[in-house]
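Novice: got a structure for you, letters missing:
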């Protein structure tokens, strides 16, 4: 198994179906702050649904279309990052992140997202990495800025959540711009 050190007390590692119980406990701690921004947080509510979420990502990793990684702080799963979409043929990917409140303010999601984008550009040869977020999620927009992404626009009323239509901001960085 591999692990990437993000700090001296935090690691980025694959998040797999056999870790569903740990993932569910994490979702229970994080759901209130994650659910408004990441729709699958509300569908991982028991062991079976948490396992199904992780299995879906594992299946899609085998298809080379998505990947999921956890962030562990002092041995506890506190968040993660993922390729929401990964298309080697078109050279494009979308990166997403989440973090429970106890782990915020340490730069973990920025470091973790940087690892994924580095890999996408430098190992896989992709040309474009996107970041989609609700404009009200300023923490997410700030991560995109720290990653050197450019805000390319807003998709108005692009998805429903809790009976309300929400906008999506699209941020991106190109391989030629990546440092």
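Specialist: Cool, got the structure. The structure presented is a predicted model; accordingly, all values stated were derived computationally and were not measured.
Novice: Please enumerate the helices of this protein.
Specialist: In the chain, the segments counted as helices under DSSP state H are 20-34, 47-62, 108-118, 138-146.
Novice: ranking those by burial, who's on top?
Specialist: helix 108-118 (a mean of 21; mean count of other CB atoms under 10 Å). For every residue, glycine as well, the C-beta is placed using N, CA and C.
Novice: Identify all contacting residues around that helix.
Specialist: For helix 108-118, the external contacting residues (CB atoms under 8 Å, 6 or more residues apart in numbering) are 4, 6-7, 10, 12, 67, 69, 71, 73, 78-83, 95, 97-99, 129, 131, 143, 146-147, 173, 178.
Novice: just the strands in this structure please.
Specialist: Counting by DSSP state E, one finds strands in the chain at the ranges 4-7, 10-14, 67-73, 76-87, 92-99, 128-133, 150-161, 164-174.
Novice: could you measure residue 142 against residue 158, distance?
Specialist: Taking CB to CB, to the nearest Å as the measure, residue 142 and residue 158 are separated by 21 Å.
Novice: Contact partners for residue 25?
Specialist: Applying CB under 8 Å, 6+ apart, we find residue 25 in contact with residue 77.
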